[in-house]
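> Next input, structure requested:
(one chain, ligands or ions: 1)
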Amino acid sequence: MKTIIEPFRIKSVEPIYFTSKDERKLILEKACYNPFRVHARDVLIDLLTDSGTSAMSSNQWAGIMQGDESYAGSSSFFRFEDAVNKITGMPLVIPTHQGRAAEKIIFTILGGKGKYFISNTLFDTTRANIEFSGAEGIDLLCEEGKHPTVPAPFKGNMDVAALVKTIGEKGAVNIPMVIITITNNSGGGQPVSMQNIKEVSKVCRENNIPLFIDACRFAENAYFIKIREAGYAGKTIMAIANELFSYADGCTMSAKKDAFANIGGFLAMRDLDLALRCRNLLIITEGFTTYGGLAGRDLEAIAIGLHEVMEENYLQYRIRSIEYLTQKLMAAGVPVMQPAGGHAVYIDAKEFLPQVPVDQYPGQALTAALYLEGGIRSVEIGSLMFGKYGEGGKLIPAQMELVRLAIPRRVYTQSHIDYVAEVIIDVYNKRNEITGLRITEETPMLRHFTAKLEPVKPY
Ligand code: F0G
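Coordinates of the predicted model:
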């Protein structure tokens, strides 16, 4: 088979800036060992997130010029609504300025004290919005999803038996929603199978609980279904997406991922009464129902992006490029999540840095080392992000200590990725020199964004 190439050519470029290792040492100190606090100009390869960082196509930029900025009834809204309708089959579409705004609205309406929201794995903002409403979030990831280095085709699946058991324990009336995240971002960008969505949907219907999909990366998930699940090889991505959404009552989406937009999101659903309540809140917090916190041009870019993301040449290149980096790292012995996920490579920091205990945040220590060595920015998905404090202020660690290298869509070329692999392998070869970190300042919620840390021993 020939090399799978980038299915685009480059029309416009953006410079990146080089720093020396000495400069990065100072930058890291000033940023208190938190990559979120580093200025983007001081980053060489930015793998902090795949969110809002996509390169838009010439068609999207052309669409931007056609954005209709009317306050009410903008033509761009109707093109956006039509794109979402066609993919999800859901008639009621509510634009929001990003994914978490959609979450804030739906969980404000359905959440509250004494309620439980069940998921395969909730993303951090989703969990935070649930908890902010007073409700509780419960993750029921399948067993194979909990072992980073054990390969399986659908490690994002929900544990259906655990779902049935939890509904029995908490009571269906106290569970306003089950929400499946596709792909499972916090669990390694791993896909959920159609079979699993079907089974979860059946349990939800039997118990009269609405099923929602956190659809940020629906096209990547659909492509995995196509190549890994029996019976889908001959189906189009649109047909797979249609089927997948047909099992759900609604969805939340951050258009900053699989819609190639730099901003945007939406809620879509079938229940008119719920949609009316969401729209009331939307008008207070986001904007009128036909723009919801977005400019007309953003709606236009999203409508076009939603169709572009389903092109199979693109998805083949996308999934292969993540696999390419994963395989290079595996060949050098670096412990990475297997198989490769859809949007990111996840390093198992616990195994990479066995000398760093979880309460010294091995994932965060590794993000600092990658920046120092090669100017690469990554993010910890471990106990800094998800850890809680138990009795006596003792850390209750997260299930896994991962470092995510999220690959922005259509942005970096193969040589950038080769460079990333070289830096990680260099760091791996001197991993014994890396020490842990301690927190010096933190906020009560979503602390990883702003926390300040320092090395437990001087660098
Ligand atoms: N759900 C999932 C699965 C996500 O990955 C994100 C964002 C959101 C919801 C929230 O969407 O950012 O538009 O408000 N994930 C980004 C990331 C931030 O880096 O993975 P948002």
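
> Now do the contacts for His448.
By C-beta atoms under 8 Å, 6 or more residues apart in numbering, the contact set of His448 is 34, 36, 124, 379-380, 384-385. (Each C-beta comes from the backbone N, C-alpha and C, glycine too.)

> pretty sure Ala83 is in a helix, no?
Yes: the assignment for Ala83 by DSSP: H, G, I helix; E, B strand; the rest coil puts it in a helix.

> residue contacts, it?
Contacts of Ala83 by C-beta under 8 Å, 6+ apart are 302-303, 306-307.

> Narrow the contacts of His448 to those in strands?
Per DSSP state E, strands hold the following members of these: 379-380.

> Quick one: buried ones out of the contacts of His448?
Buried members of these, counted by 16 or more other C-beta atoms under 10 Å: 34, 124, 379-380, 384-385.

> Out of those residues, which are close to the ligand?
When C-beta under 6 Å from any ligand atom is applied, no member of those is adjacent to the ligand.

> closest to Asp273 among those residues?
Asp124 (29.7 Å; C-beta to C-beta).

> now that closest one: how far from Tyr314?
27 Å (C-beta to C-beta, to the nearest Å).

> I'd like to know how many residues surround Phe107.
Neighbours of Phe107 under the rule other C-beta atoms under 10 Å: 28.

> Please read the previous query as pertaining to Ala152.
15.

> Which residue, other than its chain neighbours, is closest to it?
Spatially, and ignoring its direct neighbours in sequence, Ala152 is nearest to Glu144 (4.1 Å; C-beta to C-beta, 6 or more residues apart in numbering).

> Could you do Lys11 as well?
Ser58 (6.1 Å).

> what separates the residue in the stretch 1-150 of the chain that the ligand sits nearest to from Gln360, distance-wise?
Among all residues of the stretch 1-150 of the chain, Gly99 sits closest to the ligand, at 2.5 Å; criterion: C-beta to the nearest ligand atom. From Gly99 over to Gln360 the distance is 31 Å, taken as C-beta to C-beta.

> Check Met194 too.
In terms of C-beta to C-beta, Met194 sits 41 Å off from Gln360.

> thinking again about what came up before, wait, doesn't the residue of the stretch 1-150 of the chain closest to the ligand sit right on Asp124?
No: in terms of C-beta atoms under 8 Å, Gly99 does not count as a neighbour of Asp124; the distance is 11.3 Å.

> picking up where we left off before, can you list which of the contacts of Ala83 are found in helices?
302-303, 306-307 (DSSP state H).

> could I get those as CSV with pLDDT and neighbour count?
Shown next, in CSV, are those (pLDDT from 0 to 100; neighbours: other C-beta atoms under 10 Å):
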residue, pLDDT, neighbour count
Ile302, 98, 29
Ala303, 98, 23
Leu306, 98, 26
His307, 98, 14
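
> that older thread, got the phi and psi for the residue of the stretch 1-150 of the chain closest to the ligand?
Dihedral pair for Gly99: phi -60, psi -40, per degrees, to the nearest 10.

> At the geometric centre of this structure, which residue do we find?
Central residue of the chain (C-alpha atoms, centre = their mean): Asn185, 4.2 Å from the mean position.

> picking up where we left off before, pLDDT score for the residue nearest to Lys11?
On pLDDT, Ser58 comes in at 98.

> How many residues are close by it?
Neighbour tally, Ser58, other C-beta under 10 Å: 10.

> can you tell me how far it sits from Pro357?
Taking C-beta to C-beta, one finds Ser58 at 50 Å from Pro357.

> Then Lys2?
Going from Lys2 to Pro357 by C-beta to C-beta gives 47 Å.

> between those two, who's got more neighbours?
Just comparing Lys2 and Pro357: by other C-beta under 10 Å the higher neighbour count belongs to Pro357, 14 against 4.

> which element follows the helix or strand where Ile106 lies toward the C-terminus?
Using DSSP states H and E, Ile106 sits in helix 99-110. With elements assigned by DSSP H and E, the helix or strand that comes after helix 99-110 is strand 116-119.

> Which neighbouring elements make contact with that following strand?
strand 136-139, helix 160-170, strand 177-181 (3 or more C-beta pairs under 8 Å, 6 or more residues apart in numbering; DSSP states H and E).

> Now the residue nearest to the centre of the chain. Nearest residue, chain neighbours left out?
Phe123 (5.3 Å).

> Can you get me a residue count around the one you found?
By other C-beta under 10 Å, the residues close to Phe123 number 23.

> start at 5 instead
I'll keep to 5 as the first residue from here, and by that count the last item is Phe127.

> That one reaches Ser190, doesn't it?
Yes: between Phe127 and Ser190 there is a contact under C-beta under 8 Å: 5.7 Å.

> picking up where we left off before, give me the more crowded residue out of Gly103 and Gln364.
Set side by side, Gly103 and Gln364 show more neighbours around Gly103, with 26 against 21, by other C-beta under 10 Å.

> so how far is Ala348 from the nearest residue to that one once chain neighbours are set aside?
Closest residue to Gly103 apart from its sequence neighbours, by C-beta to C-beta, 6+ apart: Ser258 at 2.8 Å. The spacing between Ser258 and Ala348, counted by C-beta to C-beta, is 15 Å.

> Ok, Glu377 next?
From Glu377 to Ala348 the distance is 19 Å (C-beta to C-beta).

> same thing with Lys169?
For Lys169, the distance to Ala348 - C-beta to C-beta - is 31 Å.

> Equivalent analysis for Gly394, please.
30 Å.

> quick one, which of the two is more surrounded?
Between Gly394 and Ala348, counted using other C-beta under 10 Å, Ala348 has the larger neighbour count: 27 against 9.

> For the residue nearest to the more buried one when sequence neighbours are not counted, what are phi and psi?
Leaving aside its chain neighbours, Ala348 sits nearest to Ala410 (4.1 Å; criterion: C-beta to C-beta, 6+ apart). Backbone torsions for Ala410, taken as degrees, to the nearest 10, come to phi -90, psi 130.

> and the buried ones among the contacts of His452 as TSV, adding distance to Gly291?
Formatted as TSV, the buried ones among the contacts of His452 follow (distance: C-beta to C-beta, whole Å):
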residue	distance to Gly291
Asn38	32
Asp128	25
Val383	30
Glu384	34
Leu388	34
Met389	30
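
> Of those, which one scores lowest on pLDDT?
Asp128 (88).

> Now do the contacts for that residue.
Contacts for Asp128 (C-beta under 8 Å, 6+ apart) come out as 190, 389-390, 450, 452.

> Next one: it relative to Ile438, how far apart?
25 Å.

> Adjacent strands (with direction) for the helix or strand of the chain with the lowest mean pLDDT?
In the chain, no helix or strand scores lower on mean pLDDT, DSSP states H and E than strand 392-393, which sits at a mean of 90. Partner strands for strand 392-393, per DSSP bridges, with pairing direction: strand 399-400 (antiparallel).
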